[in-house]
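**Q** Have a look at this prediction, sequence included:
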Amino acid sequence: MDARREEVPHAVRADLRTAVPLGPRLSLPAVRAARAVLDGGWWPRSLDAAVELSGLVLALDERYGHIRRLMLSSATWDGRFRRLGVGGRETRIGWFSTVDPAVLIATTDSGDQVDLLVMPPHTPEAVAHSAMATAADPANRLRGPAVLAAAGRG
């Protein structure tokens, strides 16, 4: 029996997911407000976390620098994995029952936190665009659930 440890390729680790990224439906302000309640809105097409998060991470990486961690509601998404490989980098994924389903929290390598409103996938287009515009408005003071309710989705 060979006692040497066989290296497992990085992409097949049990806790790492990769997927072909889709262009995210994302609304971000032109300039990030220092004291905004939300930093924008995101409207995924499905609840397939690996597919939806890949495109989002690439878009956020481009805007804010490497996203090292995402925190999401454990009650909302299909699939539970701890790491997402996208763009040659790895992002840690945390699933929490305490994170509101209407919010996603991203943390950059520099420690900045980006809070996004998460629109349910089957939201009517006009409602989603309205809510995402509100979430991306630096003057907005509503939290995720209140933005959804005001847009008619809460």
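**A** Good, I have the coordinates.
**Q** Number of residues surrounding residue 149?
**A** Per other CB atoms under 10 Å, the neighbour tally for residue 149 reads 13. (Glycine included, C-beta is placed from N, CA and C.)
**Q** who's in contact with it?
**A** Residue 149 sits next to no residue when contact means CB atoms under 8 Å, 6 or more residues apart in numbering.
**Q** Just say helix, strand or coil for it.
**A** The three-state assignment at residue 149 reads helix, by DSSP: H, G, I helix; E, B strand; the rest coil.
**Q** same deal with residue 69?
**A** strand.
**Q** Surely it and residue 107 touch.
**A** Yes - under the criterion of CB atoms under 8 Å, residue 69 makes contact with residue 107 at 4.5 Å.
**Q** Compare neighbour counts for these two and give me the winner.
**A** Neighbours were counted for residue 69 and for residue 107 using other CB under 10 Å; residue 107 has more, 18 against 14.
**Q** Look up how far residue 63 lies from the more buried one.
**A** Per CB to CB, to the nearest Å, residue 107 is found 14 Å from residue 63.
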